[in-house]
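Here is the input, now give the coordinates:
(chains A and B)
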Number of protein chains: 2
Amino acid sequence: MTLIHDEPERFARDALEGFCDVHSHLVHHVRGGAVRATGTPDGKVALVIGGGSGHYPAFGGYVGVGLADATVAGDVFASPSTESVARICRQAHRGGGIVLGFGNYAGDVLNFGAAATRLRGEGIDVRVLAVTDDVASAPKETPELRRGVAGDVPVFKIAGAAAEAGMSLDEVERLARHANARTQSLGIAFSGCTLPGAEAPLFTVEKGAVAIGLGIHGEPGIRDEKAMSAEALADLLVEPLLAERPEGADGRVAVLLNGLGATKYEELFVLWTHVARRLRGAGLTLVHPEVGEFVTSLDMAGCSLTLTWLDAELEPLWLAPAHGAAFRRGHVEPRPAAPKPVETGTDVPSFPEASDASRESAAKACAIVERLAAVLAEAEEELGRIDAVAGDGDHGQGMRRGSASAAEGARKALAAGAGAGSLLAHAGDRWADTAGGTSGAIWGLLLRGFGTALGDRAGVDADAAVRGALAAREAVTTLGRAKPGDKTLVDALVPFVDALEAEVRGGARLRDAWVRAAEASTRAADETAKLTPRLGRARPLAAKSIGHPDAGAVSLALCARTVGEVLNAG
Amino acid sequence: MTLIHDEPERFARDALEGFCDVHSHLVHHVRGGAVRATGTPDGKVALVIGGGSGHYPAFGGYVGVGLADATVAGDVFASPSTESVARICRQAHRGGGIVLGFGNYAGDVLNFGAAATRLRGEGIDVRVLAVTDDVASAPKETPELRRGVAGDVPVFKIAGAAAEAGMSLDEVERLARHANARTQSLGIAFSGCTLPGAEAPLFTVEKGAVAIGLGIHGEPGIRDEKAMSAEALADLLVEPLLAERPEGADGRVAVLLNGLGATKYEELFVLWTHVARRLRGAGLTLVHPEVGEFVTSLDMAGCSLTLTWLDAELEPLWLAPAHGAAFRRGHVEPRPAAPKPVETGTDVPSFPEASDASRESAAKACAIVERLAAVLAEAEEELGRIDAVAGDGDHGQGMRRGSASAAEGARKALAAGAGAGSLLAHAGDRWADTAGGTSGAIWGLLLRGFGTALGDRAGVDADAAVRGALAAREAVTTLGRAKPGDKTLVDALVPFVDALEAEVRGGARLRDAWVRAAEASTRAADETAKLTPRLGRARPLAAKSIGHPDAGAVSLALCARTVGEVLNAG
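Have a look, this model is predicted:
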């Protein structure tokens, strides 16, 4: 149980504040994250890491000399918003470019990816690194589908050391990818964790059983087995990792035995005696092994074993000095203090000059976004109910919050004279930043993609709407990596865009085309909802699914219909 | 639950081995503990710390430069044996004397105290420091009755820094006592912990309640309250500690917010925001606060807050560099490696030359110890049953193990030509070392006290037996600090010794005097058993009770009767 908290909604934010207060000699608290409190030279590559909260020492404990330059902290088990990632990256940037490190989860892939796109637009070179170490989540042949778990630690440690050594952005990125490719983990779980304010665990493991490969947010594992001795557990963890030995590896490995929260130190040390014996028995040399709590999952009981197959490049980086709140190695010379970054407001950005036609379309776009917010507020409960079947039931809440913030942003943008493109892009940013999580990020991408394609010069006509819809779909499917049939919002988006394009190409007016496209989208969403099995604990692999498997499709169709209504009403 | 283990009996030993393997650059594994793997100068005061296992990072994580020189690890939640403490002290001693640091629990007081006595007999100057920081366990006026909890950390940190700075034994002891006097803690608990192999928790807290001041082994606290917000919890922890502010304290404090195992980092950071605000609001300056897991209790849920009121002497020691497996501060220069200490056997020590008369008495003494072992093996189940009413039910097991080992030691001592005094002293050491815990330590003191008074020159007659009994009682009551009426073995021991003395002074033969003394002891034990309430969770405060509250008295009377039978049979 997570028992110490005030308002559960504030938990992650409060924890970040407390962490930064205790470690104020190491980190500065900034909105949504923390940046190094020690000076770094201009031109140094910045390593910015992050993800959901609830995993301490990940990620704040790994900010420091020889480690990361900053961390972005989302809500508990939820990705930070695109805006947070981008803002903290700007604060951490020293002119040498940025490597963005995070675990390979849909929400993080979307938000860190979208932030990278924004930052590149501002002239900052950003490289994106999703850690993919969890062998239980996908086969060896598709490492890009694997989740990131405790392998974050050696990969970020190595990337941080490379950056600290003054290597170029290309080099830091190459070494980080190289470390990631040679890092694999396998975890076991005995019990799930309980979110702040929740009465029951987020997921459970049968009493007397050990779940092999269960993800740290309850994602399905490989199988359950009956509880066993420490010696047998060690075999079970070691064998699959030995099978991943890269060709030509010389047998020197970094090792991390990680406790998930309620599995305590003495248990890990007992397990270590067997793990070490098995690894040494396989002829491996264990280079500065670590046993403790490195990537936790609130009070989840269980542990994971991580191996990084070192080579002549990686070993010195693994062994290099480091000094963060939760990771210290070797002897780091004291550094001068760095001033706390100035926080910049985000309320009303300035917008590029827009044509009269585009400003006229912007008024219409604003009305549409406001109507979406009203409809989604009404639909909150129903969407939550649908989502609870296969997801965590918060989809309605996220859509309500995100659309409300988007409507507010749209009104401000309209008042500031923005064109239709900028207005929609800004509304999308607000949606993503307020809703957070995966579906927030997707809706942010949809609106920003649509808006960017429209631009602020011409008014919006049927052709422009098709261009916008195609761009929005492209943005979502590229970053989100979902295909139709994956039981996500894409199932309803693709038929919509296809129908809209066909109708407009066939000469239909926009208002008619949109209504028919919305009908196609609704049919597809109904189909998806019907096909989505009652998954219970077995939520789909995060890396393979974006958003809420059926509720996301349902809400997209609802929004499509709503836009159609506004178009026909005006 | 403690879920990862092999044979539960091996858990603590296996955990120690694993810890030492991971941190082999910092510690050498020795039997029953760990010593620094880095060289220390000759003449440096050695700080040796320890206690039961299950509290990692306490105590192994605090061995290192600027911290302790060695740790002695008992079984889970059980004191290490006198022999272990003494042996590891010899390995850590660099000629500058030793400060022995441990929490104020009966078993530790006995075993560390007895080890100090042994070592002083060998010419090593040893100072004993029982940490007494838990304000929930006794009032301010009787700090010596307070338990030691997370206050261990600042006290040992400060003592370790003083020793590292080359201060004299007197100075290190003085500063450690000074730090202890200015260190107070208060803990709260949400749930108990489960021992390796156990099905149910060692103790429980009502669901939805928070137990204020509950000890880390389930010792009773102050009261239970309903669960409350983090803000309210902070008030509850801070207020009683502010009330302990020493006169003249300037308001600079070291602060430690400690998680007990299953209460995780983010929760502690949330709590910290309020704790820090309250403390600063009271005008305090927080000097290098620490928030994390420092003294755990397996997977217990809860936390504790510790304040050390600094002054001009203590602050630099609190801030001094340190480098242990679980505590690092500042910048410690690398040290040369130290060789692993040679392990010395303990099986058959050499004995002083004995008279023929004493050797003859030794044969009788050996027969007595062997008979005790036989009787206690038979009584194991019954003693366990009695003990389970108010204790943890392992008294029968400890008595069986201890007496069997004592009998084996007695036989070897007899074969090696030991006199009666040395034979009993050696049997006592074996008893204490094998049985472990509090009652093992007491029986070791009893036999060693008895044997030392007898000596190896004269044969054993009635007067010698009285001298032996008086010395045994003295040894137990001095180190154990229990008085008759405390519901301990002393309740049965004092009437025995009084009656034996009176009978012998009155002219009775030893065999008759002993039988009547045993009868007096039995009556007293029955009385104690009758008076001992069904305590349930509320085991007596460890610092106030020695041994098992009634089973200890019962087994002492049983042993007294058994000795009487042997005396009358021979």
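
Correct me if wrong: residue A:333 contacts residue B:331.
Yes. Taking C-beta atoms under 8 Å as the definition, residue A:333 is a contact partner of residue B:331 at 7.4 Å. Bear in mind the C-beta positions are built from the backbone N, C-alpha and C, glycine included.

More neighbours: those two, which one.
When neighbours are counted by other C-beta atoms under 10 Å in any protein chain shown, residue B:331 comes out ahead of the other of residue A:333 and residue B:331, with 12 against 8.

Now do the contacts for the more buried one.
For residue B:331, the contacting residues are A:331, A:332, A:333, A:334, B:321, taking C-beta atoms under 8 Å, 6 or more residues apart in numbering or on different chains as the criterion.

And the helix or strand residue A:234 falls within, what does it pack against?
Following DSSP states H and E, the helix or strand that holds residue A:234 is helix A:230-242. Under the contact criterion of 3 or more C-beta pairs under 8 Å, 6 or more residues apart in numbering or on different chains; DSSP states H and E, helix A:230-242 touches strand A:183-191, helix A:265-281, strand A:301-309.

need the strands for the stretch 201-350 of chain A, in chain order.
A:209-212, A:223-226, A:252-259, A:285-292, A:301-309, A:322-324, A:328-329 (DSSP state E, counting those that start in this stretch).

Now the second one: average pLDDT?
Averaged over strand A:223-226, pLDDT sits at 94.

Mind listing what's buried along it?
When neighbours are counted by 16 or more other C-beta atoms under 10 Å in any protein chain shown, no buried residue of strand A:223-226 is found.

Briefly note if it comes near chain B.
No. For strand A:223-226 and chain B, the contact criterion (C-beta under 8 Å from any C-beta of the partner chain) is not met; the two come no nearer than 12.1 Å.

Then the last one?
Yes. Against chain B, strand A:328-329 shows contacts by C-beta under 8 Å from any C-beta at residue A:328.

how many neighbours does residue A:206 have?
Using other C-beta under 10 Å, residue A:206 has 11 other residues around it.

hang on, the earlier thing: what would the contacts of residue B:331 look like in a markdown table with pLDDT and distance to residue A:175?
Formatted as a markdown table, the contacts of residue B:331 follow (pLDDT from 0 to 100; distance: C-beta to C-beta, whole Å):
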| residue | pLDDT | distance to residue A:175 |
| --- | --- | --- |
| A:331 | 86 | 23 |
| A:332 | 87 | 20 |
| A:333 | 84 | 23 |
| A:334 | 83 | 26 |
| B:321 | 96 | 31 |
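
Greatest separation within those: which pair is it?
Every pair in the contacts of residue B:331 was compared (C-beta to C-beta); the two farthest apart turn out to be A:333 and B:321, at 13.3 Å.

Wasn't residue A:52 part of a strand?
Yes. Using DSSP: H, G, I helix; E, B strand; the rest coil, the secondary structure at residue A:52 is a strand.

Next up, the contacts around it.
So, once contact is read as C-beta under 8 Å, 6+ apart, residue A:52 ends up touching A:73, A:74, A:75, A:76, A:77, A:78, A:79, A:80, A:105, A:107, A:108, A:217.

Restricted to helices, list the residues you listed.
A:107, A:108 (DSSP state H).

was I right about residue A:88 contacting residue A:32?
Yes. Using C-beta under 8 Å, residue A:88 and residue A:32 qualify as a contacting pair, with a distance of 6.4 Å.

Looking at these two, which one has more neighbours?
residue A:88 (27 against 21).

Check which helices and strands the longest helix along chain A sits against.
For chain A, the longest helix by residue count, based on DSSP H, is helix A:356-390. Using 3+ C-beta pairs under 8 Å, 6+ apart, the elements in contact with helix A:356-390 are helix A:395-415, helix A:420-435, helix A:551-569.

Next up, the contacts around residue A:50.
By C-beta under 8 Å, 6+ apart, the neighbours of residue A:50 are A:33, A:59, A:71-74, A:80, A:85, A:88, A:101-102, A:108, A:112.

try it again with 7 Å
Contacts of residue A:50 were listed using C-beta atoms under 7 Å, 6 or more residues apart in numbering or on different chains, and they are A:33, A:59, A:71, A:72, A:73, A:80, A:85, A:102.
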